[in-house]
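S.K.: Give me the fold of what follows.
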Amino acid sequence: MVIIIIAILAAIAIPTFLGQRNKANDAAAKSLVRNAMTAIESLYVDNRTFEDMAAADLMAIEPSITFQAGTLLGAATGADAGLNQVAYTGDDDDTYQVGTNSKSGTAFGVNVDKKAGGGNTFYKGGQALQQVPLGRPALRSMSLPAVVCGDRAGSCCGNGLGNGPA
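M.R.: Residues are numbered from 1 along each chain as shown. Now for the predicted structure:
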């Protein structure tokens, strides 16, 4: 009788535990993407372009992340969040993409477009979730917060750092 009760409790607890584990892995992947975005934005302040970003330059800013150059378009091919890897690409002066694959098997990423009328498009599993126009913060319910800057000079909206146009 005791064994039956333990089996029933295990049948209830194990799927719940596994679900929480996947959520934790997904949260770690999202955090990795956010940290990579910060490094990319920091390099942008110095270079004023996203084109030709070198992995070595990005790793000098954020040494805990392994940056892998590549093409994403919503899928973080080859980058493993469990190994602190992100795939990134800088398309031109105004756009970049960064993403990674969670241990749960879900890809997370963001496409940032700083051109007029651009914004951030967040991806989960290769599907676009939300686009946030420039100058508008991401919804609080969004799991991947936006790094939203309002102009090419790197002025971050409302960050309190006093950054303005160069």
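S.K.: Return the distance of Asp46 relative to Arg34.
M.R.: To Arg34, Asp46 is 20 Å away according to C-beta to C-beta, to the nearest Å. For glycine as for every other residue, the C-beta is placed from the backbone atoms N, C-alpha and C.
S.K.: likewise Ala128?
M.R.: Ala128 sits 18 Å away from Arg34, going by C-beta to C-beta.
S.K.: Of Asp46 and Arg34, give the one with the bigger neighbour count.
M.R.: The residue with more neighbours, out of Asp46 and Arg34, is Arg34; 17 against 10, by other C-beta atoms under 10 Å.
S.K.: A helix includes that one, no?
M.R.: Yes - judged by DSSP: H, G, I helix; E, B strand; the rest coil, Arg34 forms part of a helix.
S.K.: Give me the pLDDT value at it.
M.R.: Per-residue pLDDT puts Arg34 at 94.
S.K.: Distance check, it against Gly90.
M.R.: Per C-beta to C-beta, Arg34 is found 17 Å from Gly90.
S.K.: Same question for Thr121.
M.R.: Distance from Thr121 to Gly90, by C-beta to C-beta: 16 Å.
S.K.: Among those two, which residue is more densely surrounded?
M.R.: Gly90 (23 against 18).
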